[in-house]
Structure formats: structure tokens, C-alpha cells
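A.B. asks: Here you go, sequence then predicted model.
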Amino acid sequence: MAGEDQAPSDATVDWVRRLIGFDTTSRRSNRALIDSAAEHLGAQGCHLTLTTTDDGAKANLFATLAPPSGQRTGGLVLSGHTDVVPVDGQAWTSAPFKAVLRDGRLYGRGSCDMKGFLGVTLALVPAFRGMALTEPVHFALSFDEEVGCVGAPLMIADLAARAVRPRACIVGEPTLMQPVIGHKAIRLFRCRVHGRPAHASLPHEGANAIEFAARIMVFIRSLADSLGSKPRCHDFHPPYTTMSIGQVSGGTAANIVAEHCEFLFEYRSLPEEDDDRIEQAIRAFISHEILPEMRAAYSRADVALERLATVPAFAADAREPFTHLVEELTGAAAGYVSYCSEAGQFSDIGIPTVICGPGSIEQAHRADEWIALDQLAACERFLIDAVDRVCGAPRHG
């Protein structure tokens, strides 16, 4: 049976439950969650800044708990995203947006990725207030990380405009409380193919959008195979750049030559990869191989390749003092992951960053997502120690 030191505080469990209760699927607004967090942080004396989409439906919240001096720059950022992936088509055994506690686990969409971490940070605000802070603690809650880290850049640009320069950042993605100092980049694309419809008995009179789209997909698959045949960075699993086609739709009926086809694909590249070269190869294939043949059949045929999101790779310096601090506090050596986060965006503006959070990525994005209570407890202890070391009074002797 777990000891008391392996149980999180009631405040943490309550906050994680509350956050799970907000349906913040990326296609929906996150404002209700943000408003709840802002109310709590404001009541604890934090300075609040919102950055929003043009229509105001999505918001980032950056909150600063200042030391007695009132200083708002320097200090430590605790960063996490508020959005979650859809539950559509998944076989949940409990309501995904109502937290369920059983067998030492808290179940619910986002429990692991990453409302567990956010719940810990919000629950610890009173504890941080009671510490002898000499530098601020910052709380960064972003939107639309799951669809390409769309929200965080707005927040980071605002920090630069306000000359807020944190000393370090922890991104609380689920790592089983192991420090992570590198991840791959992502580029996400939508490809729309427009052909010419015809009766299926006369396919030569049309330009079949599905068939041409299939040829583009085969080219992407062959490009992925060539990248995967040359493993280059064994810090990652797998140790090469990957490509994946995630969604395909098109056509009207089996007896109609398809006029339209659309598919989504992404590639996740190693930090040293030439991302532009990969994208240019796909665009060149479309321009030089696909479009001439399509337009020979139908002059108004077209292929539109739209880049939907770009997430930079994250590659922190293993020798950075903040990396060593997180390794010391967790008792684990820093490693690498293939999933992405906003860590690269903080790192790219010169903020030493480490990914470290409760839960396992293996539980994320699946039915009956869960986080273990002892992981939440470990996160509490880690964040208390990290804030003390980064934001507390300097140690002597």
C-alpha cells in the first residue's frame, strides 16, 4: 500500500477533477477553463495577461506570482496546454469529461495530457506564496497545442513585447517525471486535389482526384521509407524522421469519377533534419509529375498543398545548469522523446527549458486515459523543490 508521501494533496485532486470537467477538445473554446484558472490565480495575487484569437474564443493565460519586491521578470515558468484530443469513436467505460478515481488512478480525458500537471500547479499556488521568493513564479496555460502548438507563440510574443524574461521553463508534458531535453519537429499539411467528375463507365473523360491523391500519398510513403532507411540519431525512438497520413476523404459515389479528394499528413523530423528540403520534394513532385498529367485531362485541375502548423524541434544543451538541476531534483538523466510540445518555442527565445511532468505518454490520447496518484504526488514535490531552487533565496555555504 502506498505511503502517505505518495498521495497527492486533496487540493491537487480537486483541481485535476475540475479541469477534466471542462470539455476543451481543440475544436471547442477553452475560455471556461481559462476563466476558472484566472479567477483562482487572481485571487492569489497573481498578475494576469490574456492573449486570444481574433474572435476571442480561445485564450492563453500567463500569470505571474511576484516576490515581495514586485519583480515580474526572471523566475520560473510552469507551462502546459489546456486543450485535449477528441474522444470520438473511442470506447470509454466512464464519462470522459467527468473524473473517476479508482485503484490509485484518476481517469478522464486530459488527466495525463496534461491537466494533471496543470492541476498540480494551480493547487500549489498557496504553497508558492508561502515561500521566501526572490524571483517570480509564472504560470503559462496555452490553447491548441494538440493541433500544432498554435497558441503558445502568441503568448511568447507577448512576453517579448513586455520584456518579461524568465530564467527557466518547465513544460509539464507526461514524462513519468523524467527530464526530457529534446524532441522532434512537426509540420502538418492539408492536400486538396480538384479533378473532373465523369460517369464511371467513361473514366477517360474525367480526372480522378482520388487516384491522383493516392499517387501523392504513395510518394510521401516512399519518401518516408527513404528517411527511415538511414537512422541518424539514436537518442530518439524511432531514430529517424517519420511521415504519416492521418485522414483521407473524397468522392461522391462508386459510379462517379471523383472530383475532389483531401488528405492530412505530417512529418516529425529530427532536430538536425532539413525540413524545407522534405517539403520542397513533395511540392516538386506535385508540380512536375502530378499537375501536368491532371491538366492534360482537365485544364482546370489543381492541387493545393497547405501547411497547417509548424512546431519547431526542441534540442536543449545537456550541459545547461538548469538541465543539471532538474536531473538532480528528479534523480534521473535527461532523455529524448518523439512527441512535440511548446518547449522548442520557449527554448528558441533563449529560455532554458526542460520537459518534465506526471503520467505516461502511453496513456495519452486513448480511451480511459488515466494518471496515477503517486505521479501527481511526485510532481508536487518536484515543483516545490524547483521553485525553491530557481525562485527562492540563494543558498550559501
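C.D. replies: Great, that's in hand. Numbering: from 1, shown residues only.
A.B. asks: From here on, just use CA atoms for contacts and neighbour counts.
C.D. replies: Fine.
A.B. asks: start to end distance for stretch 220-236?
C.D. replies: Stretch 220-236 has an end-to-end distance of 22 Å (criterion: CA to CA, to the nearest Å).
A.B. asks: so the residue nearest to Glu327 when sequence neighbours are not counted is in which element?
C.D. replies: Nearest residue to Glu327 in three dimensions, chain neighbours excluded: Ala333, at 5.6 Å (CA to CA, 6 or more residues apart in numbering). Counting by DSSP states H and E, there is no helix or strand that carries Ala333.
A.B. asks: I'd say Ala333 and Pro179 touch.
C.D. replies: Yes - assessed by CA atoms under 8 Å, Ala333 is found in contact with Pro179 at 6.8 Å.
A.B. asks: Compare neighbour counts for those two and give me the winner.
C.D. replies: Pro179 (27 against 15; other CA atoms under 10 Å).
A.B. asks: Look up phi and psi at the more buried one.
C.D. replies: phi -70, psi 140 (degrees, to the nearest 10).
A.B. asks: Run through the bridge partners of Arg187.
C.D. replies: Taking DSSP bridges, one obtains Tyr267, Thr310 as the residues bridged to Arg187.
A.B. asks: That one: how many residues sit nearby?
C.D. replies: For Arg187, the neighbour count with other CA under 10 Å is 20.
A.B. asks: Please tell me I have it right and it contacts Arg268.
C.D. replies: Yes - at 6.8 Å, Arg187 and Arg268 qualify as touching, with contact defined as CA under 8 Å.
A.B. asks: Helices of the stretch 101-250 of the chain, start to end?
C.D. replies: Using DSSP state H, counting those that start in this stretch, the helices of the stretch 101-250 of the chain run over residues 116-123, 125-129, 152-161, 209-228.
A.B. asks: Next, format those as TSV and append distance to Phe322 and mean neighbour count.
C.D. replies: Below are those laid out as TSV (distance: least, CA to CA, whole Å; neighbours: other CA atoms under 10 Å):
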stretch	distance to Phe322	mean neighbour count
helix 116-123	19	26
helix 125-129	19	15
helix 152-161	20	17
helix 209-228	33	18
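A.B. asks: tell me the contacts of the residue nearest to Glu327?
C.D. replies: By CA atoms under 8 Å, 6 or more residues apart in numbering, Ala333 lies in contact with 178-179, 327.
A.B. asks: I'd say Leu264 and Met243 touch.
C.D. replies: No - in this structure, Leu264 is not within contact of Met243 by CA under 8 Å, at 11.1 Å.
A.B. asks: who's in contact with stretch 289-297?
C.D. replies: Stretch 289-297 has contacts (CA under 8 Å, 6+ apart) with 195, 204-207, 212, 216, 301-303.
A.B. asks: cutoff 7 Å now
C.D. replies: 206-207, 212, 301-302 (CA atoms under 7 Å, 6 or more residues apart in numbering).
A.B. asks: Among these, which one lies nearest to Met131?
C.D. replies: Using CA to CA, Asp302 is the member of these that lies nearest Met131, at 61.7 Å.
A.B. asks: Tell me the confidence at that closest one?
C.D. replies: As predicted, Asp302 sits at a pLDDT of 98.
A.B. asks: just Tyr339 next, same as before
C.D. replies: With respect to pLDDT, Tyr339 has a value of 87.
A.B. asks: Alright, I will stop here.
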